[in-house]
Structures are given as structure tokens and as C-alpha cells.
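Q: Predicted model and sequence follow; I will ask about them next.
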Amino acid sequence: MTFFVILSLLNLFFDGKRKNTSHFRPFGNYLVKSRSILCNVKDVIQNLEGLNMKRLKWICTLAICCGAFLLAEGVEKATAESKFDEAAWKKQIEELKALDQSDADMQCRIGVLLLQNKSEKSAEHWKEGFELLKKSADQGNSSALFHLGKCYHDGKGTGRDDALAYDCWRQVSEDEGAKEFLEATWLVGKCLMEGQGVAKDVDSAVEWIREAADGGLADAQFDAGLMYLKGEGQERPNLELAFQYLEKAAEKDHLQAQLVLGTLFINDDFGADRTKEGFQWLLKAATKGNAEAQAFMGIAYLFGKGVETDDAKAVDWLEKAVAQEDVEPTSYLHALTAFNLGICLQSGRGTKKDEKRAFECYVKAQKMGLVEAYSAVGQCYMHGSGVAKDIKKGFEMFKEGALLDDAWSQFHLSQCYYNGRGTEKDEDLEFYWVKCAADHGLPSAINNLGDCYEKGRGIEKDYAMALKYYRQAQALEAPIAWCSLGECYEKGLGVEKNNQKAIELYNEAIKRDCFEACVTLGRCYENGTGVEKNAAKAVELYRKAAEEQVTDAYVALSRCYEQGIGVEKNAEEAQKWRGKLDE
């Protein structure tokens, strides 16, 4: 069974806050939940059920699913292949063939070298290599027998035969003096674990792999660590043994063990010291050029995981990871890295602001299958950020993302139907999509769902339901929720009217950078609702909201300049603010 998984650690996003605003924020307050792709970790989750360690279950799954390892057909791990030097290979072959080929050891050496050929005629060389190994093995050469097992397993120079591969490795594992004794022991265990060429026997597999691990084989130590991490062949995971074996492998410079330990420890679940250890393991892997480790290094520096926060270093590592050309093209982690780099470039975090490159990163992530990127690309089109403004394309991108069940795309699509941006206004579709986003637990969407119930858009008016959702959004720290609740108290919707309470809530919303509340509080100052009338203060608040592109603030400022409210009448200024509504 091919086992390849990629899991994301985080996903920052644009944070639209209310239906009546085109406010565009490059960084959101929420992390999109981590996900896995091309994987099946059901068995891992089941092994961790009922252990009363919810966070630990998630983090262990993260380590297993971080994209750190690929077990091809359950036996060989994928490793970066070095470039084949055919000239050097030919020279070695000629030198060896000039020697006595009747010797079993020489036959084995030449056979192994022939199997390394990667030229157009590799099949011919592999067949010749297989025959030489067979001759050598028939003379009792254990190394030849071991490599013969690899030929049968990989189908190199012969047809694939897992049973013969297992038989070869089993014979070598019985000869403790054999050079490949430990590796053969490990591979026997892997065959038993996967049921390749032999009946599946997890308990026996654990014993075989552990024997090779205790003998000092790094690959076996890595697999033993995973076994204990997942709880294979035992009632429950054994983290102490898992860490011991993984650390032994990592200390032998085992790249995958370093990645798993790094992703395990970097998330603070095992204490500050372990977090620092996690960073160091990732650093070792990243400096070897591993794209996954480089991606996690970027995350570590962005959020101060095991190291002081350093945005510039974060961007440097993200750039290195994105620049990797030999990464799996559908890698979720690679797509996520491009996405996070886009966020940094778009906001100027740790690097020079570059909206064009940011847009390119978002598009790259979207084309690699990162559904969260649809919303980012859509926002760029909507606001002309790094690309020519195209509201229709923005709408279509939100729609595609929404159909792929991306919460932010669903949220922004609902706003499009509310505002009639890129499509006709449609209250029913607005309600449908905002509810989809709210069902994902998106705080801004939960607040807007309450707004639909308050105003009766796409659903019958229900102030009790509106309050319910506003309070849910407030509990999830959505800044706009304080403003929404303030309006309920100001107007007496579902609660007793209380202007003082409303003013308190508006101020709390502003403290949380909810600039829509500046417009609402400004109106209170303009009309003397709950506060002493102060037109100049109202204009000051409207300006603050306008600086953050809150569309209602444009309307308010236009009216103030038209009527001379808090400012001198100025028709030109009034027209300027009205014109911003069409931008």
C-alpha cells in the first residue's frame, strides 16, 4: 500500500467582516483547519481514540501525515535520486569486467552496478545484472541473495514476485554474519506488516522490525518509531518508545525521522524544550534542501515556534521551499507554502510588498489544488490586487471555491449575492452560502447569518435567532459581532433597548479593529444617540472607517460634505466620496 500524506499546519486568509463592506484585509484572525490529501489515516485515528488526549491525537496524526515520508509499496522509501553519470558508470563496469568474473563476490559487485544504470538501455543492463546476481547467489553469496530480493520486489531484470523477494530476504536474515543481515531483517518485517509475498502478521512484523532497529539500522529505527506512534501491534500508542526510536534514527541523519520529530515537537504539545528540539530537527532537514522541512521552517519563524519570530527568515525559508522543482506537483504542503508566501508578499510581511508576485503565488497554490486559495485569488480580482480588477472573475473564483466546500469562498460568494457584485443580488442564495460558511464554524459567517435573520434576507425575520448567532460569533472573537449586538441594543431588537450598552459594544468592536463600528458609532455622535451630540467626532470616525475602505463610510462622508455636518459644505468633496463607491 502506497502511503503518502501531506498535512498543512496553518492557513491564514483574507478576513472579510460584513456584508456591506468591501474591506480587504491581507491577514485574518483565524487559521483554516489542517487537512490531509492522498492519504488514509483512519487506522491511525482509531488507534488513538478514547485515550483522553484530543490534542495529542491531532498532533500525532500531524507527524504521521506531514509529508515527511513515502513508503513505496510498503518496502522502499522514496529518496532523491542523484543524476546518473553514464560515463563514470561505463568506466567502472569496464574496470570490474576486466577482473575474474567467475568469483561470486565480483559477480555480485558487477550485478549491483548494472542495476544502477538509468540510460535508455537500462532494461538490458538490469537483466544482465539480475543473471549475475543469480549466479552469485547460487554460490552462496548472501549479498547477491539480498539484492536478488530487491530485483524480485522491484521487477528489475525480471518479473515482479513478492513471494520470491520475501524468500530471499528471509534467507539472508537467518545469516547473522551477512553484510545485509539487519536490512534483510527489516525488510522481512515490512513484508509481514504489509502482507507482501507472505501472509500479513502485524505482531511478527513488529518483532522483526524491532530486532533490526535494536541492531542499529536507522531505517528500522524510523519504522519502529512510527509503529509505536501509531500503536501497531499493541493496544495503544507508546510515545516514549516512539520518541526513542525516532531520535536514534534522526541522530544517524535519517531525514524522514528528523522531519517527523520536527513536526511532532514544534507545536508546543510536549513543552518548550521539546519545541526547541523540534525546530533543530527541522533545521537539520531543511539545510539538506528538503522542501517540507523548509516549509515548516517558514511556519516556525512566522509564529515563533521553537525560535524567536523573524518574518524575514520566514520568507527566506518559504521562498526556498517554493523554488524546489522536484517536489510532487500535487503536494498539499507545497501549495500551502506558496499560499503563505503569497500572504507575506501581499502584506509586506518580512519582505518588500509585491502584490503581483503574491497573486502569482495564490494562483500557483490554487492550481495545485489548495481550495483555500480560490478565495485569495478571488479577492485579488475583486480589488485589483496584483492583477487587473475583474469583479466577474472574482465572483467566478469564489463560486468555484464554494462548490469545493471552502468556507471563505462560500462567505465571499454570499457577500457577492448580497451586494450584487459580479452577479445579480439574490437574498436566497446569499442566505444559502452564508449558512454553508457558518456551518464550517467561520465566525464572520456566523455573524452574517445572524444579520440575515435580523433583516429577514432569505429567511423569515427572527430576532431571537439573530441574537443567538451574534452571540456565537462574539464567543468566537469575531470583532463585527460586538457591533451587531450593539445595534440590537440600540434598536431594541430581541432585547430591551439600551443606548448606553450599545455605545459600550460599539467601542469594544472598534478596539478589536472592527472599522464598520466606526460608522455606527459615528452615527450615534451625529444624532446624539447614547452620547452627547458631536458632529466633528462623527466625521472623525467616518474618516477612520473610510481609510479602511468601509463603503458605508463613503456614503456618510459624502452626506456630511453635502449638508455641512461637522465640516464646511463642499460639493467637490461630497462627489469624491460618492465616486469611491464605484471604484
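A: Thanks, I have it. Residues are numbered from 1 along each chain as shown.

Q: for the stretch 201-350 of the chain, which spans come out with low pLDDT?
A: Across the stretch 201-350 of the chain, the ranges flagged by pLDDT under 70 are 325-330.

Q: isn't residue 390 right up against residue 380?
A: No: Residue 390 lies out of contact with residue 380 (C-beta atoms under 8 Å); the separation is 9.5 Å. In short, each C-beta sits where N, CA and C put it, glycine included.

Q: The two: which has the busier surroundings?
A: residue 380 (29 against 15; other C-beta atoms under 10 Å).

Q: So the more buried one sits against residue 387, correct?
A: Yes: using C-beta under 8 Å, residue 380 makes contact with residue 387 at a distance of 5.4 Å.

Q: So which residues of the stretch 451-583 of the chain form helices?
A: Counting by DSSP state H, counting those that start in this stretch, one finds helices in the stretch 451-583 of the chain at the ranges 463-475, 479-491, 499-511, 516-527, 535-547, 551-563, 571-579.

Q: can I get these in JSON lines with mean pLDDT?
A: Shown next, in JSON lines, are these (pLDDT from 0 to 100):
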{"stretch": "helix 463-475", "mean pLDDT": "97"}
{"stretch": "helix 479-491", "mean pLDDT": "97"}
{"stretch": "helix 499-511", "mean pLDDT": "97"}
{"stretch": "helix 516-527", "mean pLDDT": "96"}
{"stretch": "helix 535-547", "mean pLDDT": "96"}
{"stretch": "helix 551-563", "mean pLDDT": "95"}
{"stretch": "helix 571-579", "mean pLDDT": "94"}
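
Q: now the ones you listed as a markdown table including mean neighbour count and distance to residue 290?
A: Shown next, in a markdown table, are those (neighbours: other C-beta atoms under 10 Å; distance: least, C-beta to C-beta, whole Å):
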| stretch | mean neighbour count | distance to residue 290 |
| --- | --- | --- |
| helix 463-475 | 19 | 40 |
| helix 479-491 | 24 | 39 |
| helix 499-511 | 19 | 43 |
| helix 516-527 | 24 | 44 |
| helix 535-547 | 20 | 43 |
| helix 551-563 | 21 | 46 |
| helix 571-579 | 14 | 52 |
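
Q: a markdown table for the ones you listed, including distance to residue 323?
A: Shown next, in a markdown table, are the helices of the stretch 451-583 of the chain (distance: least, C-beta to C-beta, whole Å):
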| stretch | distance to residue 323 |
| --- | --- |
| helix 463-475 | 40 |
| helix 479-491 | 37 |
| helix 499-511 | 41 |
| helix 516-527 | 40 |
| helix 535-547 | 37 |
| helix 551-563 | 39 |
| helix 571-579 | 43 |
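
Q: Out of those helices, which gets nearest to residue 356?
A: Among the helices of the stretch 451-583 of the chain, the nearest to residue 356 by C-beta to C-beta is helix 535-547 (23.9 Å).

Q: for the closest one, packing partners?
A: Counting contacts by 3 or more C-beta pairs under 8 Å, 6 or more residues apart in numbering; DSSP states H and E, helix 535-547 packs against helix 516-527, helix 551-563.

Q: which strands and helices sit next to the longest one?
A: Contact partners of helix 551-563 among helices and strands, from 3+ C-beta pairs under 8 Å, 6+ apart: helix 516-527, helix 535-547, helix 571-579.
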